[in-house]
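1. make a model of this:
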Amino acid sequence: MLSNYGHIFEQWFDGATDGTSRQVYDWDLFHKTVYNKQPHAIIFSDVGPGCRWIGNERGYAGETNWSTLNVEGFTPGKGAPATDILNKGDINGEKWVAGEVDVSIRPGWFYSPATDDKVKSVEHLMDIYYSSVGSNANLLLNVPPDRRGLIHPNDSARLMEFKAAREKAFNTNLADGATATASNVRGNAKKYSTENLFDNDNSTYWTTDDGISTATITIELKEATSFNNILLQEYIALGQRIEEFKINYWDAELNQWVDLDKGTTVGYKRILRTPRVSSSKIQIEISKSLAEQILSNIEIYDAPDIPSFDVSKFSKQSLDKKDAIVLNLKEARGIKGFVFTPFPSERETTIQRYNCYVSEDGKQWEKVQENAIFNNIKNNPIPQQVIFDKVYNSSYIKLEPTLLTNDNSDKYTYAELKAIE
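-> Okay, the predicted model is just below:
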């Protein structure tokens, strides 16, 4: 695999498990083999060493996202850090293990005809882009080949639409030709001046004198203009430093600075979606930093508004771990399966293994599945479609948990159970 396919950019080691067994891996040997054959490859796992899983498979990095992580004592998979740590990194992390956001363009990781009409919308993909690439993470977008070994036309068309939407959003950098002043410039030297923020050269940067961990940059555009996106980049070769910052804009009518937005980490790239305002002056106040702040690039855009996607539209049901879910269909029907929808959050405990029963009267039950598994439901909490080996004439379906995604939880949650007729 590592010798016959040319340059390998990234090697994935996934923490796959059925939740009941503990597989032992020789990670030292695996890593040594990768680096021997592909010295420049980035190795992915929950703890790197090259990049880390971001803690969910929905496409979202943390609002705060450090590229550093403490890895001592942790392993990929079962022995990984908590998902909220993976999502936001560790400000005091000893290793550089940048976040990687993995998400599929359609439900699940593999192709099925049933999901041909469920390819994510352009708006959803753009929201993911802002929340991954725009939140100091790499975006890995899964596009599964169909049963011909080809990319399905729906996926292919959506990729091109996604590309067009990104190009439209970031086509005109309103900061071109802008000037800026800063409250401090290292040694008052041209080498570190604010001119470097707009020169399209990622090897130059603005920074402050030693011991200065707060600063203000005031940007003057060529003219007053509307904008709603602000892109910031730290000079990442010297590390990630900014902890907290705020964006203000000059309101000409009020003749004063007005708060616009705020953020925590910046890292390699941070794109803030702000309310759309019109102004000729923007101010960036860095109020907290691990060391002297170093910025290499600032860009400003007026991009189409993209809605944020959340889980508020899903209702959450909660049950004791010993309780089963019983679906009453009111009358007997020919049932060939069911759809179990978990509450879409990796932080929720849900069913991983289960027994399934059907019944005509809700008293006498027939077991149709025993200790079956919802594969990868913890990391990818999407609807689970299960088809029986035959049709059952039933008025009831019962799901009895045999294993939860969190062994220590006394309760579990779900959103919905539906029958397939």
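
2. okay, now the unreliable bits of the stretch 301-421 of the chain?
-> For the stretch 301-421 of the chain, the stretches with pLDDT under 70 are 309-313.

3. redo that, cut-off 90
-> 306-316, 343-348, 375-383, 385, 406-408 (pLDDT under 90).

4. hey, where'd the helices end up in it?
-> With DSSP state H, counting those that start in this stretch as the criterion, the stretch 301-421 of the chain has no helices.

5. what of the chain?
-> Secondary structure of the chain by DSSP state H: the helices cover 27-37, 83-88, 122-132, 153-169.

6. need the ones you listed in a markdown table (columns: mean pLDDT and distance to residue 373).
-> C-beta here means a position set from N, CA and C on the backbone, and glycine is covered the same way. As requested, the helices of the chain are arranged in a markdown table below (pLDDT from 0 to 100; distance: least, CB to CB, whole Å):
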| stretch | mean pLDDT | distance to residue 373 |
| --- | --- | --- |
| helix 27-37 | 96 | 25 |
| helix 83-88 | 94 | 20 |
| helix 122-132 | 95 | 28 |
| helix 153-169 | 97 | 27 |
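
7. residues contacting residue 261?
-> 230, 246, 247, 272, 274, 275 (CB atoms under 8 Å, 6 or more residues apart in numbering).

8. of these, buried ones?
-> 230, 247, 272, 274 (16 or more other CB atoms under 10 Å).

9. ok, the first one to residue 331 distance?
-> Distance check for residue 230 against residue 331: by CB to CB, to the nearest Å, it reads 58 Å.

10. the second one now?
-> For residue 247, the distance to residue 331 equals 59 Å [CB to CB].

11. my guess is residue 196 contacts residue 202, does it?
-> No. Counting by CB atoms under 8 Å, residue 196 stays clear of residue 202, with 9.9 Å between them.

12. mutual contacts of those two, please.
-> Residues touching both residue 196 and residue 202 (CB under 8 Å, 6+ apart): residue 296.

13. tell me the one of the contacts of residue 261 nearest residue 157?
-> Of all the contacts of residue 261, residue 157 sits closest to residue 272, with 29.9 Å by CB to CB.

14. so residue 185 makes contact with residue 196?
-> No. Between residue 185 and residue 196 there is no contact, the gap being 10.1 Å when judged by CB under 8 Å.

15. and these two? Which one has more around it.
-> Set side by side, residue 185 and residue 196 show more neighbours around residue 196, with 22 against 19, by other CB atoms under 10 Å.

16. which residues touch the more buried one?
-> 204, 205, 206, 296.

17. from those residues, pick the one nearest residue 192.
-> For those, the nearest to residue 192 is residue 206 (5.9 Å; CB to CB).

18. spit out the contact partners of that closest one.
-> Residue 206 touches 182, 185, 192, 193, 194, 196, 197, 217, 294, 295, 296, counting by CB under 8 Å, 6+ apart.

19. and these, which of them are in strands?
-> In strands, defined here by DSSP state E, the members of the contacts of residue 206 are 182, 217, 294, 295, 296.

20. if the first one is in a bridge, with which residues?
-> Yep, that's residue 182 we're talking about. Taking DSSP bridges as the rule, residue 182 bridges to residue 217.

21. distance check, it against residue 208.
-> From residue 182 across to residue 208, the span is 8 Å (CB to CB).

22. can you pull the residues that touch both of those two?
-> Taking CB under 8 Å, 6+ apart as the criterion, residue 182 and residue 208 both touch residue 215.

23. what about the nearest residue to residue 104 once chain neighbours are set aside, how many neighbours?
-> Excluding the flanking residues, the one nearest residue 104 by CB to CB, 6 or more residues apart in numbering is residue 142, at 4.1 Å. Residue 142: 14 surrounding residues under other CB under 10 Å.

24. and residue 142, what does it touch?
-> Counted by CB under 8 Å, 6+ apart, residue 142 has contacts 102, 103, 104, 105, 109.

25. select only the buried ones of those in ChimeraX?
-> Remark: buried members of those, expressed as a ChimeraX selection using 16+ other CB under 10 Å:
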select :102,103,104,105
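
26. so which of the contacts of residue 142 sit within strands?
-> Among the contacts of residue 142, DSSP E puts 102, 103, 104 in strands.

27. from the contacts of residue 196, which single one is nearest residue 138?
-> Ranked by distance to residue 138 (CB to CB), the contacts of residue 196 are led by residue 296 at 18.0 Å.

28. quick check: pLDDT value at the closest one.
-> At residue 296, the pLDDT value in this model is 98.

29. thought it was touching residue 197?
-> Yes. Using CB under 8 Å, residue 296 makes contact with residue 197 at a distance of 7.3 Å.

30. between the two, what contacts are shared?
-> Residues touching both residue 296 and residue 197 (CB under 8 Å, 6+ apart): 205, 206.

31. let me see the contact set for the spatially most central residue of the chain.
-> Nearest to the geometric centre of the chain sits residue 60, at 2.2 Å (CA atoms, centre = their mean). Neighbouring residues of residue 60 by CB under 8 Å, 6+ apart: 54, 87, 101, 128, 131, 132, 135.

32. mind redoing it with 10 Å?
-> Residue 60 sits next to 54, 87, 101, 103, 127-128, 130-132, 135, 137, 308-310 when contact means CB atoms under 10 Å, 6 or more residues apart in numbering.

33. how about residue 146?
-> By CB under 10 Å, 6+ apart, the residues touching residue 146 are 110, 111, 112, 113, 116, 152, 153, 154, 155.

34. 7 Å instead?
-> 111, 152 (CB atoms under 7 Å, 6 or more residues apart in numbering).

35. and it, how close does it get to residue 163?
-> According to CB to CB, residue 146 and residue 163 sit 20 Å apart.

36. do residue 319 as well
-> According to CB to CB, residue 319 and residue 163 sit 44 Å apart.

37. rewinding a little: which one among the ones in strands among the contacts of residue 142 gets closest to residue 301?
-> Set against residue 301, the nearest of the ones in strands among the contacts of residue 142 by CB to CB is residue 103 (23.4 Å).

38. got the confidence number for that closest one?
-> pLDDT at residue 103 comes out at 95.

39. can you tell me the number of residues neighbouring the nearest residue to it once chain neighbours are set aside?
-> Once flanking residues are discounted, residue 103 sits nearest to residue 59: 3.5 Å by CB to CB, 6+ apart. With neighbours defined by other CB under 10 Å, the count for residue 59 comes to 23.
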